[in-house]
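In: dropping a prediction and its sequence here:
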Amino acid sequence: MERVRVATWNVNSVKQRVPRLLPWLDQRQPDVVCLQETKLADDAFTTLLGDALEERGYEFALFGETQWNGVAILSRVGLDDVAVGVAGAPGFPHIEARAVAATCGGVRVHSLYVPNGREPESDHYKYKLEWLAALRDVLEAGPSDALVCGDINIAPTDADLFDPEAYIGQTHVTEPERAALQAIKALGFHDVVRDRWPTERIFSYWDYRAGMFHRDLGMRIDLILASGSVAPRAKAAWIDRHARKGTGPSDHAPVIVDLDEAPDGDIGPVVPPPSSPGSKKKVKLPQAK
């Protein structure tokens with residue numbers, strides 16, 4: 001893999017996001033794109049986007065289902081040895097469309113939509129932890145050149161939250177979730193964005209409600225983790241906040257990492273930076289009313 005732009009984006013319904021996705025591909029010119037929450041069965045995805053993606057030089061690998069979940073990898077640097085799902089992972093109760101992997105330009109790329117967990121100690125929370133443990137085992141057994149991309153649904157540290165106190169009692173921030181992520185990083189994976197910007201305020205998700213985006217009250221739960229052999233190749237790592245602005249956006253912004261060469265320079269961490277520094281008042285999460 002040489003001079004490759006890798007991106008991950010939870011599009012929150014690819015059908016709704018087509019007016020944003022295709023111009024974004026043309027603007028940012030990513031070589032490998034991991035999508036999450038496509039919410040389309042594979043045949044419907046292909047009917048909707050197949051021609052447009054092929055015109056732009058992308059092959060694609062899909063693992064979708066109607067209405068919920070769904071992941072994809074788009075690549076114009078090769079797409080080999082496609083695998084769907086996470087071996088050994090539980091279902092809820094059926095196996096959900098949450099993982100697809102392929103080798104793109106010599107690097108094993110995983111597009112992941114980690115279970116949300118819903119509420120600490122719930123059945124879905126236990127499912128999340130078991131799913132992450134199975135993922136760790138798959139990654140440990142996998143090739144050394146790897147990228148783990150997606151909506152991980154875990155804020156790695158309190159620095160990845162607009163206000164840690166607002167998340168007390170919520171998922172995404174509990175010690176067992178963070179330990180599960182740390183167990184993956186302990187295999188030698190590097191959180192490329194945070195490594196590049198260790199002290200900056202960086203979010204990738206903002207709730208649609210309560211003006212959270214405009215006030216920059218978000219969390220960083222969309223990650224690109226690079227194995228020890230791939231991480232040193234990163235020349236830029238940033239959040240494409242522009243794609244979260246305007247009409248009909250997803251509630252997540254794309255995360256972009258440039259390997260070997262950075263076409264836009266070492267930009268970041270958030271492009272463009274928010275105009276609001278965030279609220280100084282205590283803010284309750286919209287769902288915690």
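Out: Here it is on my side, so go on.
In: contacts and neighbour counts: CA atoms only from here.
Out: OK.
In: tell me the pLDDT of the most centrally placed residue in the chain.
Out: What sits nearest the mean C-alpha location of the chain, by Cα atoms, centre = their mean, is Gly150, with 2.4 Å. Reading off the confidence values, Gly150 has pLDDT 98.
In: for the lengthiest helix in the chain, which outside residues touch it?
Out: Assignment by DSSP state H gives helix 123-141 as the longest helix of the chain. Outside helix 123-141, the residues within contact range by Cα atoms under 8 Å, 6 or more residues apart in numbering are 86-92, 114-119, 171, 176-177, 180-181, 183-184, 187.
In: just the ones of those in helices?
Out: Pro176, Glu177, Ala180, Leu181, Ala183, Ile184.
In: next, count neighbours for the third one.
Out: It refers to Ala180. Using other Cα atoms under 10 Å, the number of residues around Ala180 comes to 20.
In: show me where this structure has its strands.
Out: Listed in chain order, the strands of the chain (DSSP state E) span 4-10, 32-36, 59-63, 71-75, 80-84, 99-104, 107-113, 146-151, 190-191, 222-226, 234-240, 255-259, 270-271.
In: and the contacts of the first one?
Out: Translated: strand 4-10. By Cα under 8 Å, 6+ apart, the list of residues contacting strand 4-10 reads 29-38, 111, 149-151, 222-224, 250, 252-261.
In: same question for the last one.
Out: The set of residues that contact strand 270-271 without belonging to it, under Cα under 8 Å, 6+ apart, is Ile202, Trp238, Ile239, Asp240, Arg241, His242.
In: quick one: contacts for the third one?
Out: The contact partners of Ile239, by Cα under 8 Å, 6+ apart, come to Ile202, Phe203, Ser204, Ala253, Pro254, Val255, Ile256, Gly268, Pro269, Val270, Val271.
In: show me which of the residues you listed are buried.
Out: Buried members of those, counted by 16 or more other Cα atoms under 10 Å: Ile202, Phe203, Ser204, Ala253, Pro254, Val255, Ile256, Gly268, Pro269, Val270.
In: Phe45: which of the contacts of strand 270-271 is nearest?
Out: For the contacts of strand 270-271, the minimum distance to Phe45 (Cα to Cα) is 23.9 Å, reached by Asp240.
In: partners of the closest one in the sheet?
Out: When bridges are called by DSSP bridges, Asp240 pairs up with Val271.
In: before we move on, back to that, which of the contacts of helix 123-141 are buried?
Out: 86, 89-90, 114-117, 171, 177, 180-181, 183-184.
In: I'd like those residues as JSON lines, with pLDDT and distance to Asp43 appended.
Out: Putting these into JSON lines (pLDDT from 0 to 100; distance: Cα to Cα, whole Å) gives the following:
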{"residue": "Val86", "pLDDT": "98", "distance to Asp43": "21"}
{"residue": "Ala89", "pLDDT": "97", "distance to Asp43": "25"}
{"residue": "Pro90", "pLDDT": "96", "distance to Asp43": "25"}
{"residue": "Val114", "pLDDT": "98", "distance to Asp43": "23"}
{"residue": "Pro115", "pLDDT": "98", "distance to Asp43": "24"}
{"residue": "Asn116", "pLDDT": "97", "distance to Asp43": "26"}
{"residue": "Gly117", "pLDDT": "97", "distance to Asp43": "29"}
{"residue": "Thr171", "pLDDT": "96", "distance to Asp43": "33"}
{"residue": "Glu177", "pLDDT": "98", "distance to Asp43": "34"}
{"residue": "Ala180", "pLDDT": "98", "distance to Asp43": "34"}
{"residue": "Leu181", "pLDDT": "98", "distance to Asp43": "33"}
{"residue": "Ala183", "pLDDT": "98", "distance to Asp43": "35"}
{"residue": "Ile184", "pLDDT": "98", "distance to Asp43": "33"}
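In: dump those residues into a markdown table; add distance to Arg194 as well.
Out: What follows is the buried ones among the contacts of helix 123-141, written out as a markdown table (distance: Cα to Cα, whole Å):
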| residue | distance to Arg194 |
| --- | --- |
| Val86 | 26 |
| Ala89 | 28 |
| Pro90 | 30 |
| Val114 | 19 |
| Pro115 | 22 |
| Asn116 | 22 |
| Gly117 | 24 |
| Thr171 | 21 |
| Glu177 | 18 |
| Ala180 | 18 |
| Leu181 | 14 |
| Ala183 | 17 |
| Ile184 | 16 |
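In: can you pick out the most distant pair from these?
Out: Val86 and Thr171 (21.7 Å).
In: any idea how far Ala236 is from the residue nearest to Leu285 when sequence neighbours are not counted?
Out: Leaving out its chain neighbours, the residue that sits closest to Leu285 by Cα to Cα, 6 or more residues apart in numbering is Ala166, at 6.3 Å. Ala166 sits 31 Å away from Ala236, going by Cα to Cα, to the nearest Å.
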